[in-house]
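Enquirer: My questions concern the predicted model and sequence given below.
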Amino acid sequence: MDNQSLAHSRYNCTYHIVFIPKYRRKVMFGQLRKDVGETIGKVCKMEGVTILKAATLPDHVHMYVSIPPKESVAKMVGRIKGKSALMLFDKYPQYRERYDRHFWARGYYCETVGNVNEETIKKYIAEQYERDRLEGDLKK
């Protein structure tokens, strides 16, 4: 993924996030499955989250997303789950009572996703120092 921009910064903060419906019930089939995906997409767009890839399975949701660095991943996942639950309850009121007004289970799984490892970063930093030193020598 290319870097994205805020007013004074560039970033590439990507995450793999997984969360489940309450009691990990296998409920997301057919139209509900489609509506869950569309609803999460709308919420992410409202919140400034870019969905790079996502999948709604019967008992969980996978998302590969880019979240601006000014946002906490925990708060963003909370907003996505909270707002999507309210929107889904508006469309499917029968789930409001069945899930005691909580469509999603507490918690989530999250891991950072990057295209470099620790050694690559260390090497890049070392090379930057060397390159800067050489450029400084050339200008003399």
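Expert: The structure has been received and is ready for your questions. Residues are numbered from 1 along each chain as shown.
Enquirer: helix or strand for Gly37, which one?
Expert: Taking DSSP states H and E as the definition, one finds Gly37 inside helix 30-47.
Enquirer: what about that helix, average pLDDT?
Expert: For helix 30-47, the mean pLDDT works out to 96.
Enquirer: Show me what it packs onto, helices and strands only.
Expert: Using 3 or more C-beta pairs under 8 Å, 6 or more residues apart in numbering; DSSP states H and E, the elements in contact with helix 30-47 are strand 50-57, strand 60-66, helix 73-91. From N, CA and C alone the C-beta is placed, and that goes for glycine too.
Enquirer: mind exporting that helix as CSV, just the C-alpha atoms?
Expert: Listed in CSV are the C-alpha atoms of helix 30-47, where the atom choice follows Å, rounded to 0.1, in the frame of the first residue of the first chain:
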residue,chain,number,x,y,z
GLY,A,30,-27.3,-14.4,3.2
GLN,A,31,-28.6,-10.8,3.4
LEU,A,32,-27.4,-10.2,6.9
ARG,A,33,-23.8,-11.1,5.8
LYS,A,34,-24.1,-8.7,2.9
ASP,A,35,-25.5,-6.0,5.2
VAL,A,36,-22.8,-6.5,7.8
GLY,A,37,-20.1,-5.9,5.2
GLU,A,38,-21.9,-2.8,3.7
THR,A,39,-22.5,-1.4,7.2
ILE,A,40,-18.9,-1.8,8.3
GLY,A,41,-17.8,-0.2,5.0
LYS,A,42,-20.0,2.8,5.7
VAL,A,43,-18.8,3.2,9.3
CYS,A,44,-15.1,2.9,8.2
LYS,A,45,-15.6,5.6,5.5
MET,A,46,-17.3,7.9,8.1
GLU,A,47,-14.3,7.3,10.5
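Enquirer: ok so, going back, output the helices and strands packed on helix 30-47 as a markdown table; include the columns mean pLDDT and distance to Phe29.
Expert: Below are the helices and strands packed on helix 30-47 laid out as a markdown table (pLDDT from 0 to 100; distance: least, C-beta to C-beta, whole Å):
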| stretch | mean pLDDT | distance to Phe29 |
| --- | --- | --- |
| strand 50-57 | 92 | 10 |
| strand 60-66 | 93 | 13 |
| helix 73-91 | 97 | 14 |
